[in-house]
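**Q** Here you go, sequence then predicted model.
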Amino acid sequence: MSKNEEKGVFISLWDGLSSLRLTIALLIILAVVSIFGTFIPQNASPAEYLKVYKLSTYKILKILGFLDMYHAGWFVFLLALLSLNLIACSLKRFRVTWRFFSPPRVPLEEAPWQTFPWRKKFFHKGLPAERIAHYREALSRTFSQPQTLDEPPAYYLFAEKGKLSRLGAYFIHLSILIILAGALIGSIFGFRGNVNIEEGETATQVVLRSRGMVQPLGFRVRLEKFNVSFYPSGAPKEFKSTVTILEGDRPILTEPILVNHPLTYKGISFYQSSYGLAGVQKAVLAVKDRNSQKEVNLSVQMGTQIAIPGSSYTLLLARFTPDFQRMGPAFQLFLFAPNHPPENFWVFLEHPEFEEKRPGPYQIAIREIEPRYYSGLQVTKDPGVEMVWVGCFLMMVGFYLVFFLSHRRIWARVTERERQTLVELAGSSHRDQVGFEKEFEKIGQIFQEKTGGIREESAESEKQL
């Protein structure tokens with residue numbers, strides 16, 4: 001292959017990579033596959049997928065990478081290609097944009113002057129040297145501080161506003177690249193998992209959601225207390241975990257975790273996501289003697305044997321079940337008596353009638369339960385989140401530059417004609433043509449009134465369409 005052919009291939013490849021068509025195609029493809037990623041649950045267990053899909057469908061989705069789409073190689077390739085496309089587009093067009101930040105061509109030749117879409121002409125009494133200071137002041141007051149070039153007998157003024165709006169697209173491109181980089185860093189070096197901690201217990205690792213593996217935290221998390229309040233309907237109103245972070249055995253901090261109020265330590269955030277009943281700390285039982293009909297309330301802790309006052313019997317709270325055979329909370333109890341085998345039976349919170357039918361010297365009812373909860377925490381580490389926020393900020397800056405600013409430029413050419421001063425104004429704006437037309441008309445009127453000009457009849461408000 002000759003050098004010219006190699007150069008032609010490179011140019012063709014560069015033109016294709018910097019093509020706007022490639023950008024549109026990639027955005028459409030990413031939008032379509034993201035829809036699949038929304039409707040297909042990501043990183044679920046095989047059992048969960050097999051409840052919804054057939055085995056053959058599950059295998060196909062797994063091979064195609066749709067079950068962990070955002071980590072699939074083809075999806076990363078699409079993002080990388082989009083990044084290269086944005087870089088190529090920016091580099092290709094930046095040379096043209098940068099010339100607007102170079103010193104403007106003042107004075108302009110007649111040919112480019114005639115290409116401006118807005119132009120006005122005025123005659124003023126006096127000579128240009130006597131009037132140029134007034135023109136500079138008028139343009140500075142009505143538009144922006146002008147640059148001045150004196151080339152007697154002609155004088156030139158140039159003023160501009162909103163030049164940074166030329167960079168709006170580049171801010172947006174850069175923001176997308178930074179957001180993608182932050183997401184990639186978070187995907188590689190971060191994790192997302194869950195951990196359930198019972199009151200008084202400590203956790204040192206979490207189970208990852210995507211791979212089912214365990215991830216060490218590097219420190220210990222102890223659940224000091226879990227509190228939950230309920231609405232009258234029984235629905236949970238608020239639940240809160242009070243946790244302590246420990247380095248070794250040394251407490252570092254103790255803070256509450258609520259829904260939407262996470263705790264962050266060493267870049268790892270803990271979110272309150274769920275809770276459940278791990279057991280019972282103690283219960284208040286009403287023990288009634290069937291013979292004397294006397295009743296006494298006993299506060300009984302799980303696994304602790306307690307004597308029944310005025311008798312030789314003792315009770316042991318052995319086991320608690322939140323929903324025993326779909327009949328609600330229930331305790332397994334042992335009733336001990338001297339020289340007799342222990343009596344084993346269940347007492348139901350919601351079905352006291354079962355206890356009335358059970359034979360024995362005592363009838364037992366549940367008066368109060370002090371539950372022991374576990375707290376379900378979602379644990380995330382995303383070292384790229386700061387980059388994502390920076391990218392979002394730059395994107396807002398870019399949108400502001402693109403949609404709310406435009407690069408507006410005004411030229412003024414001052415020359416002498418028949419012992420009078422001829423002032424020619426010209427302007428351009430790369431966006432918001434309608435708005436700039438109104439501004440240019442206003443500048444022309446103020447310029448004429450403040451400097452005492454007379455508009456030349458043959459050059460009245462020229463505008464080329």
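**A** Perfect, I can see it now. Being a predicted model, the structure only gives us computed values, none of them experimental.
**Q** now the helices for the stretch 151-300 of the chain?
**A** Assigned by DSSP state H, counting those that start in this stretch, the helices in the stretch 151-300 of the chain fall at 168-189.
**Q** Buried ones in the longest helix belonging to the chain, by neighbour count?
**A** The residue-count maximum for a helix in the chain (DSSP state H) belongs to helix 73-98. Judged by neighbour count (16 or more other CB atoms under 10 Å), helix 73-98 contains these buried residues: 75, 78-79, 82-83, 85-86, 88-90. C-betas here are computed from N, CA, C, even on glycine.
**Q** repeat for stretch 36-53
**A** Buried residues in stretch 36-53, counting neighbours by 16+ other CB under 10 Å, are found at 37, 43, 49.
**Q** Kindly format the C-alpha coordinates of that stretch as PDB.
**A** Listed next in PDB are the C-alpha coordinates belonging to stretch 36-53 (Å, rounded to 0.1, in the frame of the first residue of the first chain):
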ATOM      1  CA  PHE A  36     -33.700  -3.600  27.700                       C
ATOM      2  CA  GLY A  37     -31.500  -3.000  30.700                       C
ATOM      3  CA  THR A  38     -34.500  -1.200  32.400                       C
ATOM      4  CA  PHE A  39     -37.000  -4.000  31.800                       C
ATOM      5  CA  ILE A  40     -34.700  -6.900  32.400                       C
ATOM      6  CA  PRO A  41     -33.600  -7.100  36.100                       C
ATOM      7  CA  GLN A  42     -29.900  -6.700  36.400                       C
ATOM      8  CA  ASN A  43     -27.600  -8.900  38.600                       C
ATOM      9  CA  ALA A  44     -30.400 -11.000  40.000                       C
ATOM     10  CA  SER A  45     -30.000 -14.600  41.100                       C
ATOM     11  CA  PRO A  46     -30.600 -17.500  38.600                       C
ATOM     12  CA  ALA A  47     -33.600 -18.600  40.700                       C
ATOM     13  CA  GLU A  48     -35.200 -15.200  40.300                       C
ATOM     14  CA  TYR A  49     -34.600 -15.200  36.500                       C
ATOM     15  CA  LEU A  50     -36.000 -18.700  36.100                       C
ATOM     16  CA  LYS A  51     -39.200 -17.600  37.800                       C
ATOM     17  CA  VAL A  52     -39.800 -15.200  34.900                       C
ATOM     18  CA  TYR A  53     -38.000 -16.800  31.900                       C
END
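**Q** Quick one: distance of it to the chain centre.
**A** Centroid separation for stretch 36-53 versus its chain: 24 Å, with CA atoms, centre = their mean, to the nearest Å.
**Q** Quick one: residues in contact with that stretch.
**A** Residues outside stretch 36-53 that contact it (CB atoms under 8 Å, 6 or more residues apart in numbering) are 58, 61, 66-70, 209-210, 212.
**Q** which of the buried residues of helix 73-98 lies closest to Tyr265?
**A** Tyr265 has its nearest neighbour among these in Leu79, at 30.9 Å by CB to CB.
**Q** Looks like that closest one contacts Ile179 (just checking).
**A** No. The criterion here is CB atoms under 8 Å, and Leu79 misses it with Ile179 at 10.3 Å.
**Q** Need the worst-confidence member of the buried residues of stretch 36-53.
**A** Minimum pLDDT for the buried residues of stretch 36-53 is recorded at Asn43 (77).
**Q** What spatial separation is found between that one and Gly73?
**A** According to CB to CB, to the nearest Å, Asn43 and Gly73 sit 16 Å apart.
**Q** Check Glu110 too.
**A** Plainly put, Glu110 is 60 Å away from Gly73 if you go by CB to CB.
**Q** Could you do Glu350 as well?
**A** Glu350 sits 55 Å away from Gly73, going by CB to CB.
**Q** what's the answer for Val390, then?
**A** When Val390 is compared with Gly73 (using CB to CB), they lie 27 Å apart.
**Q** got a list of what the closest residue to Phe348 other than its chain neighbours touches?
**A** Once flanking residues are discounted, Phe348 sits nearest to Ala330: 4.8 Å by CB to CB, 6 or more residues apart in numbering. Contacts for Ala330 (CB under 8 Å, 6+ apart) come out as 320-321, 324, 346-349.
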